[in-house]
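*Asks:* Predicted model and sequence below, questions to follow.
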Amino acid sequence: MRIDVVSIFPEYLAALELSLIGKARQEGLLDLAVHDLREFTTDRHRTVDDTPYGGGAGMVMKPEPWASALDAVAGDGDERPVLIVPSPAGAVFTQAMAYELAEEKHLVFACGRYEGIDERVLEWAGERFDVRPVSLGDYVLNGGEVAVLAMVEAVGRLVPGVVGNPESLVEESHSDGLLEYPVYTKPSAWRERAVPEVLLSGNHGKIARFRRDEQLRRTAARRPDLIEKLDAASLDKADRAT
Ligand code: ADE
């Protein structure tokens, strides 16, 4: 998968050189490049922002540097890359969206700062990109960079080969609409707290039932909104009793 990130703070994205994503880049599973938006300015001051038409607080990112940067990363025209524009005004990022994006050949992330990017850039980019404004959640960050770190990690780990043991992707939070079950390791007794006995029993059926019950209990307590969204057909008789 090819990923291009455009930002006025390319150093912010240095974290993508670390850990699983960094390793996947070294192994050629992810071809990820970070671009400095200021390299696409033409004035002496390398200006990327200006005052908003209509007035109001803050500054707006100018269209010209964005157009040049997007021209440079768009590719040869055969493909239609997905252009993700992190914004609190976007659709909320979910695990389902991460799975969808992991199927794409080319993702471009446009990190806005200040009050955002001139809206005409998004309209114009629609001719060559599948443009998607995406929000990390209902709160406001100072710019798109932190959101890109989160999205690239969530998507990148779903690209085949990036996570060594793909089984670990199966039983994690949100993979089946529920939060994941609690996990324990040695020692079996610690500060007078014992690991739930069933986990030491070796009875795989009982362990699976215990874990499923814990998933349901946890989700009902912490995220009742997810229980509302569950497909009734995905629940068995024991689930309903939990
Ligand atoms: N930029 C500013 N706030 C954001 C958010 N909540 N999600 C994504 N990008 C943002």
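*Replies:* It's in. Numbering: from 1, shown residues only.

*Asks:* For the protein, just list every one of the helices.
*Replies:* Assigned by DSSP state H, the chain shows helices spanning 19-26, 63-73, 95-101, 119-125, 145-156, 204-222, 224-229, 237-241.

*Asks:* nearest to Pro88, of the ones you listed?
*Replies:* Pro88 lies closest to helix 145-156 among these, at 9.2 Å (Cβ to Cβ). (Each C-beta comes from the backbone N, C-alpha and C, glycine too.)

*Asks:* in stretch 3-14, what's buried?
*Replies:* By neighbour count on 16 or more other Cβ atoms under 10 Å, the buried set for stretch 3-14 is 3-10, 12-13.

*Asks:* I'd like the residues you listed laid out as a markdown table, including pLDDT and distance to the ligand.
*Replies:* As requested, these are exported to a markdown table (pLDDT from 0 to 100; distance: Cβ to the nearest ligand atom, whole Å):
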| residue | pLDDT | distance to the ligand |
| --- | --- | --- |
| Ile3 | 98 | 17 |
| Asp4 | 98 | 17 |
| Val5 | 98 | 13 |
| Val6 | 98 | 14 |
| Ser7 | 98 | 12 |
| Ile8 | 98 | 13 |
| Phe9 | 98 | 13 |
| Pro10 | 98 | 17 |
| Tyr12 | 97 | 13 |
| Leu13 | 98 | 14 |
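
*Asks:* Outside of the lowest-mean-pLDDT helix or strand in the chain itself, list whatever touches it.
*Replies:* Across the helices and strands of the chain, mean pLDDT, DSSP states H and E gives its lowest value to helix 237-241, namely a mean of 80. With Cβ atoms under 8 Å, 6 or more residues apart in numbering as the test, helix 237-241 has contacts from 209, 212-213, 216.

*Asks:* Just the C-alpha atoms of stretch 69-79, please, in CSV.
*Replies:* Provided in CSV are the C-alpha atoms of stretch 69-79 (Å, rounded to 0.1, in the frame of the first residue of the first chain):
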residue,chain,number,x,y,z
ALA,A,69,1.2,19.2,-3.3
LEU,A,70,-1.8,17.1,-4.3
ASP,A,71,-0.7,17.3,-8.0
ALA,A,72,2.7,15.9,-6.9
VAL,A,73,1.2,12.9,-5.0
ALA,A,74,-1.8,12.1,-7.1
GLY,A,75,0.0,9.4,-9.2
ASP,A,76,-0.4,8.6,-12.9
GLY,A,77,-4.1,9.0,-13.2
ASP,A,78,-4.9,5.3,-13.7
GLU,A,79,-5.9,5.0,-10.0
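
*Asks:* one step back: return the set of buried residues in the least confident helix or strand of the chain.
*Replies:* Asp239.

*Asks:* ok now that helix, how far from the chain's centre?
*Replies:* Distance, stretch centre to chain centre, for helix 237-241: 33 Å (Cα atoms, centre = their mean, to the nearest Å).

*Asks:* Tell me the spacing between the closest residue to Leu226 other than its chain neighbours and the ligand.
*Replies:* Among residues not flanking Leu226 along the chain, Thr219 sits closest, at 5.3 Å (Cβ to Cβ, 6 or more residues apart in numbering). As judged by Cβ to the nearest ligand atom, to the nearest Å, Thr219 and the ligand stand 24 Å apart.

*Asks:* Sweet, I'm off.
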